[in-house]
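Colleague: give me coordinates for this.
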Amino acid sequence: MVKLPGGRARLERREERRDRRRAMRIAQGLVCALIASLIVTVAVPVAANAAARQSIASISPTVGSDRVVAFTITCGASSTCSGTATAKLSTGGSKQLSYRIAKKSSKTLTWTLGTADHRKFAAKGRATLTVTGRAAKPAKETFSKSSTVTPATAQLTLLKASYDIAGDREVPLVLNCAAATGCTASARLLLGSTEVAQQTIRAKRGAVTAKLRLPATNYEQLAADGGRYSIRILESAPKRVETTRALSLRVAEKPAPERGLSKAYVERNWTPTAYDTCPAKLHASYRVVGPDGKYYPTWHPAQVIDPATGRTCTFGHEHGADPESSEIFDWVSSFTAPKDVVPTEPTGLPFGYTSEELDNYVQHDHGDMSMRHEDNGGHKVFVANNVKMLDADRNWLRLGDGTQLTCDFLIKQHQGSWSPDAISNNAHEILFAARCDDGTELITSMLSRFGNANEMFSTCAPDSPVPTVGSTLPAGDGGKRIIPTTECVKRNPTDWSLYELWEGENSLVTADGAVLARFDPWFGVRNPSRLSDSRVSTATSNGISRPVDLAWLTEGAVTDYLWAGLAEQERFDYSDPRSPFNGARRDFYLGDLQVSDPGTKNGIVFTDPYGGSAGPERRVGSIAQLIKPGSVLGTVKLSRQKFDVKADFGKDNGVHAPN
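Modeller: Below you'll find the predicted structure:
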């Protein structure tokens, strides 16, 4: 070996050490690179294998009315998977759920949204649901999935919301299932919030009819006054969805039976005069079906719109107060309708029904009695609602709780004040109805007798009967007809001398004389168009004159009260609309109302047309009368009260005599 100088030897030793260190660093780098490459080679398969082991397989795209959010996790590992999954909705709300899934299988997890969160979600109409899974076994790993979810829509929809219910009481719901897999649901019929019927529905895709049956009590109520019905459909498949729709239910209309026509409708209906502009056909359209199933004339306004022309026309006569303004009109209309009436048929107050039954009564073994038919214009209606009742000493009558006793009255009285008829005839058709809050009820139709036939009283001598002629009607049971006379009015042309007052006395009586009901209304006319005139009467007829003619007397012409200003006008006929004497200013009085138990289950008895021979069985020519005593009224004597003191039913509406 050659020995180098000391300095060079040291230099070489340093370079040799440097080379060794460099070689070590290179070797270390190669080792690290090799390790890194091994790590990469191993790590990639591990990540791929983890993704295959656990994942969010699916998220249900809809949320039903049950508020359930659903998603499915798949375990692809060869051992059991477990961990937690956190679901978060973008509109608000989150939930962490634990899971455990068998190897090589899937599991659906559900989360029920809170009410407030579901409300926000439904209002928005859509949201993003993000599900993040954190696996614990067989290895720790994280996985996630996001998807858009929307509120579920009903697949079973109602196609028809209005139904006519026939006698079988079936409600045939017409529905459509839009789901390809079909629909399963429960349909619940509700009246208000009360369930009255239910039906399970399993339907294929397409139209389907589900039949529910209305209970008998609900059907009867439906026929009377309807009700607020709805249908609630609870779908359970394909998704739980609840919907509610209002339903319109009504009793199916039956075809109206063939109806006959009464004499009042055919023979005593109205014919226009030269002053009237409405056609007779329009007047005939105002009709109702009476208890016997025949058509009768009824109330109508004095002037109406003629549908044929679209213009206002007048009938020239009036029938008093509108009966529909009475609080008991529907009750009375129901009572006077026949049992087989259908909803499309008109009901109300039949004018002339009692006279029709009198014909039947006379023709069936009572030929010794007279028939009775009256003109159309004389039928007048009177209404009094919420009348506070007074006893004979003018004290308020009270119920057991101390409140005042009140009654409602609806009356139809024939009171002609233009012809000689009432000068001798005492019987005139009345329909009298009263209902009180102590339970008293009375509906009666009869011929009311105002005093005796062939007898009247003068306004100047109201206590002295004046004999008249020509009537064959039976005597009365009290009351009177006070009718102004020409001599009386001429001497005293005032409101009291012209005032015509009919005082009624009416009873419903059994065959042995027991009084079941008693009522005595009075009816006044402040401007009648006739005066009883003995100067033109004969041995076989009763003469009348016209109050309007007193304005044009050669001597002693009347110029006061209703006659003021007439003398200056050219003379016109009593039937001219310019005459103030048209019989349209009327008032009435209510007096006694005494009722007793008729001894029948429903309070109905049948009488002859004059209110006699009351009994529980219907007979030829008999009339149904409703009598129910209350807790206060019965035998109490009542004070007389006056109504309509300023009523004028012929003001600016074309009314004129005869009316």
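Colleague: wait, Phe572 touches Pro580, no?
Modeller: No: shown here, Phe572 and Pro580 do not form a contact pair, counting by CB atoms under 8 Å, at 11.6 Å. C-beta coordinates here come from the backbone N, C-alpha and C atoms, glycine included.
Colleague: higher neighbour count, those two?
Modeller: Shown here are Phe572 and Pro580; by other CB atoms under 10 Å, Pro580 has more neighbours (19 against 13).
Colleague: what's the neighbour count on the residue nearest to that one when sequence neighbours are not counted?
Modeller: Ranked by CB to CB, 6 or more residues apart in numbering and with sequence neighbours excluded, the top spatial neighbour of Pro580 is Leu562, at 4.4 Å. The tally of other residues near Leu562 (other CB under 10 Å) stands at 21.
Colleague: quick revisit: what is in contact with Phe572 and Pro580 at once?
Modeller: Val548 (CB atoms under 8 Å, 6 or more residues apart in numbering).
Colleague: for the residue nearest to Pro580, helix, strand, or coil?
Modeller: Following DSSP: H, G, I helix; E, B strand; the rest coil, the label given to Leu562 is helix.
Colleague: any idea of the pLDDT on it?
Modeller: pLDDT recorded at Leu562 is 96.
Colleague: quick check, Ala152 in contact with Ala237.
Modeller: No: counting by CB under 8 Å, Ala152 does not reach Ala237; the two are 11.3 Å apart.
Colleague: out of the two, which sits in the busier spot?
Modeller: Of the pair Ala152 and Ala237, Ala152 is the one with more neighbours under other CB under 10 Å, namely 20 against 15.
Colleague: report pLDDT for that one.
Modeller: Ala152 is given a pLDDT of 88.
Colleague: Thr128 too?
Modeller: pLDDT at Thr128 comes out at 96.
Colleague: the chain should start at 799 in everything you say after this.
Modeller: Taking 799 as the first residue, the last one we looked at is Thr926.
Colleague: hang on, it in a strand?
Modeller: Yes: judged by three-state DSSP, Thr926 forms part of a strand.
Colleague: let me know the next secondary structure element after the host helix or strand of Ile1029.
Modeller: In this assignment (DSSP states H and E), Ile1029 forms part of strand 1027-1035. Heading C-terminal from strand 1027-1035, the first helix or strand you meet, by DSSP H and E, is strand 1039-1049.
Colleague: parallel or antiparallel, which strands does the helix or strand that comes right after that next one pair with?
Modeller: Downstream of strand 1039-1049, the next assigned helix or strand under DSSP H and E is strand 1058-1059. Here strand 1058-1059 is paired, per DSSP bridges, with strand 1092-1095 (parallel).
Colleague: quick one: contacts of the partner strand?
Modeller: 1057-1060, 1062-1063, 1066-1068, 1081-1082, 1084-1088, 1148-1151, 1154, 1174, 1177.
Colleague: give me that answer again for 10 Å
Modeller: 1057-1064, 1066-1068, 1081-1082, 1084-1088, 1117, 1134, 1136, 1143-1144, 1146-1151, 1153-1154, 1174, 1177 (CB atoms under 10 Å, 6 or more residues apart in numbering).
Colleague: in that strand, what's buried?
Modeller: Under the neighbour-count criterion of 16 or more other CB atoms under 10 Å, strand 1092-1095 has 1092-1095 buried.
Colleague: off-centre distance for it?
Modeller: 25 Å (CA atoms, centre = their mean, to the nearest Å).
Colleague: next up, the contacts around Thr913.
Modeller: By CB under 10 Å, 6+ apart, the contact list for Thr913 reads Arg865.
Colleague: low-confidence ranges, the stretch 1149-1298 of the chain, go.
Modeller: Filtered on pLDDT under 70, the stretch 1149-1298 of the chain yields no residues whatsoever.
Colleague: hey, where'd the strands end up in it?
Modeller: Secondary structure of the stretch 1149-1298 of the chain (DSSP state E, counting those that start in this stretch): strands at 1177-1186, 1204-1212, 1225-1234, 1239-1247, 1253-1256, 1259-1265, 1278-1281, 1298-1301.
Colleague: tell me, how many residues neighbour Tyr1027?
Modeller: Residues near Tyr1027, counting by other CB under 10 Å: 22.
Colleague: what is the burial count for the closest residue in space to it that isn't next to it in sequence?
Modeller: What sits nearest to Tyr1027 in space, not counting adjacent residues and going by CB to CB, 6+ apart, is Leu1045, at 4.4 Å. Around Leu1045 there are 19 other residues, counting by other CB under 10 Å.
Colleague: quick one: distance of the strand holding Ile1029 to the chain centre.
Modeller: 26 Å.
Colleague: list the buried residues of it.
Modeller: Using 16+ other CB under 10 Å as the test for burial, strand 1027-1035 gives 1027, 1029-1033.
Colleague: so where is this protein shaky, pLDDT-wise?
Modeller: In the chain, residues with pLDDT under 70: 799-850.
Colleague: centre-most residue in it?
Modeller: Asp1023 (5.5 Å; CA atoms, centre = their mean).
Colleague: which ones are touching it?
Modeller: By CB under 10 Å, 6+ apart, Asp1023 lies in contact with Asp1128.
Colleague: ditto for Arg1369
Modeller: Contacts of Arg1369 by CB under 10 Å, 6+ apart are 1346-1347, 1349-1350.
Colleague: mind doing that once more with 8 Å?
Modeller: Counting by CB under 8 Å, 6+ apart, Arg1369 makes contact with Trp1350.
Colleague: mind checking the SS state of it?
Modeller: The three-state label given to Arg1369 by three-state DSSP is coil.
Colleague: which parts of stretch 1164-1181 are buried?
Modeller: 1167, 1170, 1172-1181.
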